[in-house]
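S.K.: Okay, sequence plus prediction incoming.
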Amino acid sequence: WRAWRRRRRRSEIAADGAITADEVLSLRREGWGDGRIVPDEAEALFAINDAIAAPSIEWSDFFVEALGEFIVQQVEPKGYVSQAQADWLIGRIDRDGRVESLTELELLVRLSERALSVPQNLRNYALSQIEQAVLTGEGATRKHGSLEKGHVSKAEADLLRRLVFASGSDRPAGVALAEAEALFRIKDASLGGDNAPEWKLLFVQGVGNYIAGFTSGE
């Protein structure tokens, strides 16, 4: 990692706004060869991500994998996202009240899937990013406003499904109250919109799952 940073400074990435597949491979081999990242390196990964104009698949996969490992497995308690970690993560990625990068949104979703438990404010934050994209037509899922507001795309429906049924939920593999309320708000915001079929199915299944859990006394 240190050798890589000497050869390729973050300021150089900021200058051209890109990181090549070979450079990502170098990071994997030299910087993350032992599978461990320290806090300073986690901050450096965020700084690099901030500087990249159009993250490649290779970079996004590495960013999500490395930071997911750091947050879930290398900081106590292992297997969980603590409240302190959740607060740090929101503070680190939040700019103007929203996530700017789909890579960062993918990290939030993956943490909810991977961890045994995730603080509700972190889950609510991730859900709110998709909700705001539907309301405004702008955000990490909308490619800087290139899609109209008032409808749910397939990509957004897929992210929502992963979030509401994630293992880190208050009801693992089940929909909790906060998720059900978010689904209803998104439904109200997208009435009459050209919604993806995946959204319509998710809404029915998600709300049905919550009601089933509520009536069974879970």
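M.R.: Looks like it came in fine.
S.K.: pretty sure residue 164 is touching residue 186, no?
M.R.: No: contact status for residue 164 versus residue 186: not in contact, 10.7 Å apart, counting by CB atoms under 8 Å. For the C-beta atoms, the positions are set from N, CA and C on the backbone; glycine is no exception.
S.K.: Residue 49 touches residue 100, doesn't it?
M.R.: No: in this structure, residue 49 sits apart from residue 100 without contact. The criterion is CB under 8 Å, and the distance is 9.8 Å.
S.K.: in the protein, which spans are helices?
M.R.: With DSSP state H applied, the chain shows helices at 2-7, 10-16, 21-26, 39-51, 57-73, 83-93, 102-114, 120-136, 154-164, 177-189, 197-215, listed in chain order.
S.K.: any chance of those in CSV, plus distance to residue 142?
M.R.: Formatted as CSV, the entries for the helices of the chain read as follows, by distance: least, CB to CB, whole Å:
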stretch, distance to residue 142
helix 2-7, 33
helix 10-16, 24
helix 21-26, 26
helix 39-51, 19
helix 57-73, 17
helix 83-93, 17
helix 102-114, 9
helix 120-136, 5
helix 154-164, 9
helix 177-189, 14
helix 197-215, 15
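S.K.: By mean pLDDT, show me the worst of those helices.
M.R.: Set side by side, the helices of the chain differ in mean pLDDT, and helix 2-7 is lowest with a mean of 48.
S.K.: Distance check, the closest residue to residue 213 other than its chain neighbours against residue 157.
M.R.: Setting aside the residues directly before and after it, residue 213 is nearest to residue 174 in space (CB to CB, 6 or more residues apart in numbering), at 5.1 Å. Taking CB to CB, to the nearest Å as the measure, residue 174 falls 18 Å from residue 157.
S.K.: ok, now residue 115?
M.R.: Counting by CB to CB, the separation of residue 115 from residue 157 is 23 Å.
S.K.: Relative to residue 167, how far out is the residue nearest to residue 213?
M.R.: In this structure, residue 174 lies at 10 Å from residue 167, with CB to CB as the measure.
S.K.: The two: who's more crowded?
M.R.: residue 174 (16 against 13; other CB atoms under 10 Å).
S.K.: Please determine how far the more buried one is located from residue 62.
M.R.: Computed as CB to CB, the residue 174 to residue 62 distance reads 32 Å.
S.K.: rewinding a little: and residue 49 and residue 100? Which one has more around it.
M.R.: Just comparing residue 49 and residue 100: by other CB under 10 Å the higher neighbour count belongs to residue 49, 21 against 17.
S.K.: Spit out the contact partners of the residue lying closest to that one once chain neighbours are set aside.
M.R.: Of all residues not flanking residue 49 in the chain, residue 63 sits nearest, at 5.7 Å (CB to CB, 6+ apart). Counting by CB atoms under 8 Å, 6 or more residues apart in numbering, residue 63 makes contact with 45, 49, 55, 103, 107.
S.K.: ok, now residue 79?
M.R.: Shown here is residue 79, whose contacts under the criterion CB under 8 Å, 6+ apart are 72, 73, 115, 116.
S.K.: Then residue 85?
M.R.: 71, 75.
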